[in-house]
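Compute the structure for the input listed below.
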Amino acid sequence: MAKVAKNSGLAREALYRGLSRTGNPELGTVLKVMDALNLKIAVDADTPRPRRPTAKSAS
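This is a model prediction of the structure:
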């Protein structure tokens, strides 16, 4: 945890508090920790689903 604190620029105590079971870290904190651990988030679009006919188009 000391290395993560040093690499993220956050206080070790703040990391323990924010990342605890009852913690509620801000997105910026999570991103700094991820950067310190060389992690990244990827978002991928789901495959589009075929549209179901609506009541108007069924008539």
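
Only C-alpha atoms from now on, for both contacts and neighbour counts.
Will do.

Any stretches of the chain with poor pLDDT?
57-59 (pLDDT under 70).

how much space between the closest residue to Leu19 other than its chain neighbours and Asp46?
For Leu19, ignoring the flanking residues on the chain, the nearest one in space by Cα to Cα, 6 or more residues apart in numbering is Pro25 at 6.5 Å. Pro25 is 28 Å from Asp46, where distance means Cα to Cα, to the nearest Å.

Look at those two and report which has more neighbours.
Neighbours per residue (other Cα atoms under 10 Å) separate Pro25 from Asp46, with Pro25 holding more: 14 against 6.

Would you report the backbone torsion angles of the more buried one?
Dihedral pair for Pro25: phi -70, psi 150, per degrees, to the nearest 10.

any idea where the helices of the protein begin and end?
Applying DSSP state H to the chain gives helices spanning 2-8, 12-18, 27-36, 55-58.

Distance to Ala42 and mean neighbour count added to those, as a markdown table?
Converted to a markdown table, the helices of the chain look like this (distance: least, Cα to Cα, whole Å; neighbours: other Cα atoms under 10 Å):
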| stretch | distance to Ala42 | mean neighbour count |
| --- | --- | --- |
| helix 2-8 | 20 | 15 |
| helix 12-18 | 23 | 15 |
| helix 27-36 | 12 | 15 |
| helix 55-58 | 37 | 7 |
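
Distance of Pro53 relative to Ala36?
Taking Cα to Cα, one finds Pro53 at 49 Å from Ala36.

Ok, Leu19 next?
Using Cα to Cα, Leu19 is found at 14 Å from Ala36.

Check Gly28 too.
12 Å.

ditto for Asn7
Asn7 sits 5 Å away from Ala36 when distances are taken as Cα to Cα.

next one: Pro48
From Pro48 over to Ala36 the distance is 35 Å, taken as Cα to Cα.

now Thr47
Counting by Cα to Cα, the gap from Thr47 to Ala36 is 32 Å.

try Val43
Applying Cα to Cα, the value for Val43 to Ala36 is 20 Å.

try Asn24
Asn24 is 19 Å from Ala36, by Cα to Cα.
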